[in-house]
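Participant: Build me a model from this:
(2 chains)
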Amino acid sequence: MSVEFLNFIETVLNGLMSGVMYSLVALGFVLIFKASGVFNFAQGVFALFAALTLVGYQTGQVPFAHLINELFGTNYHNWYASMPNFLAIILTMITMIALAWIIERLVLKHLVNQDPIILFMATIGLAFALEGVGDLMWGSDVKVLDVGIPSGGSVWLEEATIGLAAEGSDYYGMYIDVLNVWATVIAVILVITLALFSQYTKTGRALRAVADDHQAALSVGISLRTIWILVWAISGFIAMVAGIMWGTESGVQFSLSLIALKALPVLILGGFTSIPGAIIGGLLIGVGEKLAEIYIGGYFETGALENWFAYVMALVFLLFRPQGLFGDKIIERV
Amino acid sequence: MLYKETGQYKSTYKSDHAIFPLIQDKIAFSTLMFIAFLIIPFVINSYWEKAILVPFLIFSLAAIGLNILTGYCGQVSLGTGGFMAVGAFSTYKIMTYFPDLNIMIIVLISGLITAAVGILFGLPSLRIKGFYLAVATLASQFFLVWLFNKVPWFYNYSDTGQITVSERLMFGIPVTGATAPPYATYLFCLILVVLLGFAAKNLIRSKMGRSWMAIRDMDIAAEIIGVPPLKTKLSAFAISSFYIGVAGALYFAVFLGAIEVTESFDIMTISFPVLFMIIIGGLGSMLGSFLGAAFIVTLPIGLKFIMVDLVGLSAVTAKHFEITIWGLLMIIFLIVEPHGLARLWSIAKEKLRRWPFPY
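Facilitator: Numbers count the residues shown, from 1 in each chain, chains lettered A, B, ... in the order given. Model prediction:
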């Protein structure tokens, strides 16, 4: 095989894996949009908040330490030195569930029947508030997140592929980050669990019913509020997984919340209402972005297409399918 | 009692169509204009100019622009920052190529260039609606900022990537550059805002404005009764972008003087705040654009004053508090009054009608 072809495969593989990371964020969006019709801009901040909380629990930070110290002149920092990963993750999950409950109680309950744009703006407000609270609670410095997921290049793959190139060429083998492989595995498990949950449990059926038709679901005795709390908690959980993955890769900091902006083109490409759409959209965008960076990016001496390429790609798809690849067909009546 | 319309009869079509049909409104507006044009220029100092008045005027223009598109025509846009950047960079390029051109003309031409770009990025709106469109407008935000950051022609190959304004005179008084006196920059912005504000108000009352609102309320029905969607949507994009472009030009030339595109026109510093302005002020309301801009411009100053000067928090913690309070206020506002400050104002007028009597 020629080196060019091997490089192409490597690019596609890397693209697929980064696409999985996008899908993880997009999945949370889709779940909430399907169940409550809310376009949750705060999903990215959810991921940031979950990652911050996880690090906070792990290292035993005192919440609001900066604030307390500044107001009362005290010097609190840590309660304990460290906490087992497992326990910290469970505690973070509980926090995210509590957060979902609070959001339902304080925000969503009061905004029932408002225009979608008003709800969208409310989630932008939520994103700001949550980001501020996260920073106040845990401090805004860049933190290292390590829950024991290995990272770095895969030596095995490099050695396995080095022989594939033609004799005499200086090919060094493929480079793939082990972290991304783990992310893929975890994402697959997550999606299968979600699918099984919504197919085979009573709550899952209620969830699908609400997603189909709010009023019909209400009339057969499904509690909308419970379902909404549940859905927000599930996307909080997905946000935590995404936060762990992205946080391990690039540290826990403010820029983590911007992955929401990365997930938006994935959403419009796949369709707001489709879980398979979120996954396939993520993969398409991941591969497209990496290929564009290498094969088109070279023609511009300026590079760095990544910021907007996904959007333009999604836009082109939208011109042909205005509801995204797998979204529900938009039927309009006068 | 104070605000009653009884006894004010309209005997001509002209008086019936007036922008301010009531004598009370006329008095209030004239007083406001009197204060703005004849009192403030004599008492303004550089703090009031830089911190409150000029940003308020500039963001009012941007808010009017976005309100035309989102509030009146119903097309949600998140690309305001990108369009303001187009205005700013057009101003810069025109300034370098035509050193003798009057600054007022430069600013208006920048607005026209932005309008052309707006039409281009408005094209997807013919096919895409709702949130899909909102996300699609983000494409313009990211693409335009990338373009101005990465193509050196736009910043004249300067090493820092910054663009800096040169000094321009208006009736012999500098209005841009470091030596411009506060009253000059203030009056320059004020004249543009008043002129363009009246233009917008009248556009909205015209056939074009009514067709925008028809498209907003139900686009298919509007199409059936003969409102052309192509012309209507693109004209909304063009005019909205014109206003935003002028705001961007002023933001660069008059307010900041030197900018770096990724910082100054970020989605978090421009696009979302301007959207907040029109939602807090009131979607589809001219008054709302001004009230929203005033609220968003003064809120951080007020919060900073309370937290840093009164409570004594450090600047970093205060910043975090500010973000939190911002977000919470946003949510509270949407819950309590989703129609914005303009609606509160009309409720207040309703109350004033019979105040101080109970009936």
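
Participant: Could you pull up the residues touching the closest residue to A:Thr92 other than its chain neighbours?
Facilitator: Nearest residue to A:Thr92, sequence neighbours excluded (CB to CB, 6 or more residues apart in numbering or on different chains): A:Leu54, at 4.6 Å. (Each C-beta comes from the backbone N, C-alpha and C, glycine too.) Residues in contact with A:Leu54 (CB atoms under 8 Å, 6 or more residues apart in numbering or on different chains) are A:Ala88, A:Ile89, A:Thr92, A:Leu145, A:Val147, A:Met240, A:Gly243, A:Ile244, A:Gly247.

Participant: So which of these wins on neighbours?
Facilitator: For the contacts of A:Leu54, the largest neighbour count, defined by other CB atoms under 10 Å in any protein chain shown, is 32 neighbours, found at A:Gly243.

Participant: separation between that one and A:Lys290?
Facilitator: As judged by CB to CB, to the nearest Å, A:Gly243 and A:Lys290 stand 23 Å apart.

Participant: Now do the contacts for residue 253.
Facilitator: Here I'm looking at chain A. A:Gln253 touches A:Ser140, A:Val142, A:Lys143, counting by CB under 8 Å, 6+ apart.

Participant: that's the other chain; I wanted chain B
Facilitator: B:Ala88, B:Thr91, B:Met95, B:Ile103, B:Ile106, B:Val107, B:Val165, B:Arg168, B:Thr176.

Participant: Check the nearest residue to the fourth one once chain neighbours are set aside and give its pLDDT.
Facilitator: Put plainly, it is B:Ile103. Distances taken as CB to CB, 6+ apart place B:Arg168 nearest to B:Ile103, at 4.0 Å, with adjacent residues excluded. We have a pLDDT of 76 for B:Arg168.

Participant: Surely B:Arg168 touches B:Pro174?
Facilitator: Yes - using CB atoms under 8 Å, B:Arg168 makes contact with B:Pro174 at a distance of 6.9 Å.

Participant: higher neighbour count, those two?
Facilitator: Applying other CB under 10 Å to B:Arg168 and B:Pro174 shows that B:Arg168 carries more neighbours, namely 22 against 16.

Participant: re earlier: out of the contacts of B:Ala253, who's nearest A:Asp177?
Facilitator: Of all those, B:Ala88 has the smallest distance to A:Asp177: 39.3 Å, by CB to CB.

Participant: State the three-state secondary structure for B:Trp146.
Facilitator: Here B:Trp146 is helix, with the state taken from DSSP: H, G, I helix; E, B strand; the rest coil.

Participant: So it versus A:Tyr311, what's the distance?
Facilitator: Taken as CB to CB, the span from B:Trp146 to A:Tyr311 is 10 Å.

Participant: of the two, who's got more company?
Facilitator: Legend: neighbour count by other CB under 10 Å for B:Trp146 and A:Tyr311, higher for A:Tyr311 (25 against 20).

Participant: that older thread, which residues are in contact with each of B:Arg168 and B:Pro174?
Facilitator: Common neighbours of B:Arg168 and B:Pro174 (CB under 8 Å, 6+ apart) do not exist.

Participant: before we move on, back to that, put together JSON lines for the contacts of B:Ala253, with distance to A:Val210 and secondary structure on each row.
Facilitator: Output for the contacts of B:Ala253, formatted as JSON lines (distance: CB to CB, whole Å; DSSP: H, G, I helix; E, B strand; the rest coil):
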{"residue": "B:Ala88", "distance to A:Val210": "46", "secondary structure": "helix"}
{"residue": "B:Thr91", "distance to A:Val210": "51", "secondary structure": "helix"}
{"residue": "B:Met95", "distance to A:Val210": "57", "secondary structure": "helix"}
{"residue": "B:Ile103", "distance to A:Val210": "58", "secondary structure": "helix"}
{"residue": "B:Ile106", "distance to A:Val210": "55", "secondary structure": "helix"}
{"residue": "B:Val107", "distance to A:Val210": "52", "secondary structure": "helix"}
{"residue": "B:Val165", "distance to A:Val210": "55", "secondary structure": "coil"}
{"residue": "B:Arg168", "distance to A:Val210": "60", "secondary structure": "coil"}
{"residue": "B:Thr176", "distance to A:Val210": "57", "secondary structure": "coil"}
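
Participant: Of all pairs in these, which one is the farthest apart?
Facilitator: That would be B:Ala88 and B:Arg168, which, of these, are the farthest apart (CB to CB) at 14.6 Å.

Participant: what's the following helix or strand after the helix or strand bottoming out on mean pLDDT in chain A?
Facilitator: The helix or strand of chain A with the poorest confidence is helix A:155-162; it has a mean of 68 (mean pLDDT, DSSP states H and E). Per DSSP states H and E, helix A:155-162 leads on to helix A:178-200 as the next helix or strand towards the C-terminus.
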